[in-house]
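Undergrad: show me how the following folds:
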Amino acid sequence: MRPVPPRRRPTDWPCRSPRANAGLPDQPQKGHPRMPRLSTPLLPLLLVLAVQTGCGGDAVRITEGTYAAKSAHVSSLNHVVLISLRDPADAPECLADCREMLARVDSVETIWVGTHTDTGRDAVDGNYDVGLCVGLADAEALQAYLDHPSHLELVRKWAPRAAGFRIFDVGGATSDR
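TA: Numbering: from 1, shown residues only. As a prediction, this is how the structure comes out:
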């Protein structure tokens, strides 16, 4: 166990009792005993970093461990597609095409694409090769995505190479924040 450093009080502390000030230094100490002193040139850099990372006055504070914190980057409507390929060896090419082609669609807020991960759990349905989640603002954005030439190009290329698609549209992700 580390020793606790003595408490420090300024010399103009209201209590002048020798008993209350026992064990405290006669002169006030600068800085915090466990905090290194920052040089002046570092302070502007830290301020710039704080502002650029969203720590400015207009930033919304979200409490860690809450639904709002864990869903801060989730779109209101998520279009989920599970693709079973005729040849599972085509998965890396399909992943690359999903990333490249769907990034061109303006109405897409977020894209996540990956492959099935075997976690050893019987309850998990692993009957697919590629999983795709496209985040959109609303039903209008979904329709714009479905009609976009890049999406249509992706479907034209991969539909013949797929054994099947399971498609889910999941909404309401941000409605209760």
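Undergrad: which residues of the chain fall in helices?
TA: All helices of the chain, identified by DSSP state H, fall at 42-52, 67-70, 91-102, 139-147, 149-158.
Undergrad: residues near Ser75, how many?
TA: Applying the criterion other CB atoms under 10 Å, we find 21 residues in the vicinity of Ser75. Heads up, the C-betas are built off the backbone N, CA and C, glycines and all.
Undergrad: list phi and psi for it.
TA: Here the main-chain torsion angles of Ser75 (degrees, to the nearest 10) amount to phi -80, psi 160.
Undergrad: measure the nearest residue to it once chain neighbours are set aside to Leu152 for me?
TA: Once its chain neighbours are removed from consideration, Ser75 has its nearest residue in Gly135; the separation is 2.9 Å (CB to CB, 6 or more residues apart in numbering). Shown here: Gly135 relative to Leu152, a distance of 19 Å by CB to CB, to the nearest Å.
Undergrad: more neighbours: which of the two?
TA: More crowded of Gly135 and Leu152, by other CB under 10 Å: Gly135, with 18 against 12.
Undergrad: need the contact list for that one.
TA: Under the criterion of CB atoms under 8 Å, 6 or more residues apart in numbering, the contact list for Gly135 reads Val74, Ser75, Leu77, Asn78, His79, Val108, Glu109, Thr110, Ile111, Trp112.
Undergrad: quick check: closest non-adjacent residue to the fifth one.
TA: Computed as CB to CB, 6+ apart, the closest residue to His79 that is not its neighbour in sequence is Val134, at 4.4 Å.
Undergrad: just the pLDDT for that neighbour.
TA: Reported pLDDT at Val134 in the predicted model: 92.
Undergrad: what does Arg177 give?
TA: 44.
Undergrad: and for Ser75?
TA: At Ser75, the model reports a pLDDT of 82.
Undergrad: please apply the same query to the one 10 residues further on.
TA: Per-residue pLDDT puts Leu85 at 98.
Undergrad: count of neighbours near it?
TA: 18.
Undergrad: give the contact list for it.
TA: Residues touching Leu85, when contacts are defined by CB under 8 Å, 6+ apart, comprise Ala91, Cys94, Asp129, Val130, Arg161, Ala162, Ala163.
Undergrad: top of those by number of neighbours, please.
TA: Using other CB under 10 Å as the contact criterion, the top neighbour count among those goes to Val130, which has 25 neighbours.
Undergrad: and the gap between that residue and Ala137?
TA: To Ala137, Val130 is 24 Å away according to CB to CB.
Undergrad: partners of Cys133 in the sheet?
TA: Val80, Trp112 (DSSP bridges).
Undergrad: let me redo that: Leu85
TA: Note on Leu85: beta-bridge partners Ala162, judged by DSSP bridges.
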